[in-house]
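In: Fold the following, please.
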Amino acid sequence: MTKDVEDYLELMPEADNEGIRRLRTGEKARLARPKKGFLRFQEPWQEICALPRAGYSDFTGDKVTIGRREELADEQSAVLHQALRAFMPWRKGPFSLFGIDIDAEWQSFYKWDRLGPGLPELEGRVVADIGCNNGYYMFRMLPWRPAAVVGFEPMLQHYYCFRSLKHLAGEAAEQLFIEPMGVEQIGLYPGSFDVIFLMGIIYHRREPLTMLQQLHRALKPGGTLILESQAIPGEESLALFPERTFAKAPGVHFVPTAACLHNWLTRNGFKEVELISQTPTTTNEQRRTDWMTFESYADFLDPENPALTLEGYPAPDRVIFSAKI
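Out: Below is the predicted model of the structure:
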């Protein structure tokens, strides 16, 4: 495979190539406009693209490592550090970039390790990561040698952050791609993916069942969905619909129990639905750092009873499901 961003479409004969390219053309024209909100992230990305690529990378450990400190001159390291700070807050990580350690809000390796026992076959597979953020999990997939991993990320902060990281990684990350799209565009990819990762997204959707139907159609026959979500504790099949916010987040619509999420999957035609992991969210896994200086999980809980959110709802678990079609 070459490094052209469009090449992964060669692996997807069922995808709407014309529609995808038309969408790309429109996005390219939109992002070419000199708007302050675009330039805020384009300028640090351009600065990073002027730096040399790494001669060393390691994606096998908890920390995604790209480059060693000695590969950059002092002035280049200073430019890189300043550009990386422009992508704050860093939500997913950790990373080590040419000796610069980025301690993100989420210690994302906890989630990756919980997924480990249920990780599907990735070698030679075409994979999607919906809502990929800065691509931490995409980099972690590389040791399994996928044919291509396509990240969907509509937020420009994360989109340009990933593009910066991919530039620095060079040939070591040539199987990784990103589109400035959301799950709304997954309909352009019927029968195209062997594996879809949907992590930390479904509770933000107003119509989670419709989204699951769309993901089902985007998988190849025999394909696997890895679904990670917030969940409320309990054995019953029900979902919490917050009055206004959940753990101070206004964009949360449905927070199901694990049993409810299991039923959502089976009623949308998924088979072999398996709960891989269910564990409480902790302030060790999600917390404030020098690279994410705003409020974090500890600020979202009732200070008198950490088993409750500030709104009085049950504090969330994190659940991971595997499901096939």
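In: what's residue 109 sitting at in phi/psi?
Out: When read as degrees, to the nearest 10, the backbone of residue 109 gives phi -70, psi -20.
In: element containing the residue nearest to it when sequence neighbours are not counted?
Out: Distances taken as C-beta to C-beta, 6 or more residues apart in numbering put residue 62 closest to residue 109, at 3.8 Å, once the chain neighbours are dropped. (C-beta placed from N, C-alpha, C; glycine too.) Of the helices and strands defined by DSSP states H and E, none includes residue 62.
In: My read is that residue 62 contacts residue 96, right?
Out: No: when contacts are counted by C-beta atoms under 8 Å, residue 62 is not listed as touching residue 96 (10.3 Å).
In: Let me see the contact set for residue 243.
Out: Contact analysis of residue 243 by C-beta atoms under 8 Å, 6 or more residues apart in numbering lists residue 311.
In: ah, wrong one, I meant residue 123
Out: Going by C-beta under 8 Å, 6+ apart, residue 123 touches 144-146.
In: go again using 6 Å as the cut-off
Out: Contacts for residue 123 (C-beta atoms under 6 Å, 6 or more residues apart in numbering) come out as 144-145.
In: Starting from residue 11, give me the distance back to residue 198.
Out: 20 Å (C-beta to C-beta, to the nearest Å).
In: ok, those two, which is more surrounded?
Out: Each of residue 198 and residue 11 has its neighbours counted (other C-beta atoms under 10 Å); residue 198 has more, 23 against 16.
In: Secondary structure element holding that one?
Out: Using DSSP H and E, residue 198 maps to strand 193-199.
In: again with residue 260
Out: Taking DSSP H and E as the definition, residue 260 sits inside helix 258-267.
In: Find me the pLDDT at the one residue sitting closest to the centre of the chain, would you?
Out: What sits nearest the mean C-alpha location of the chain, by C-alpha atoms, centre = their mean, is residue 132, with 2.4 Å. What the model reports as pLDDT for residue 132 is 98.
In: from here on, count from 54
Out: With 54 as the first residue, the last one maps to residue 185.
In: Need the nearest residue in space to it, chain neighbours excluded.
Out: residue 204 (3.2 Å).
In: Does the helix or strand that neighbour falls within pack against any helices or strands, and if so which?
Out: Using DSSP H and E, residue 204 sits within strand 201-205. Other helices and strands packing on strand 201-205, by 3 or more C-beta pairs under 6 Å, 6 or more residues apart in numbering; DSSP states H and E, are strand 179-183, helix 189-194, strand 229-232.
In: The ones you listed: which one's closest to residue 84?
Out: strand 229-232 (12.4 Å; C-beta to C-beta).
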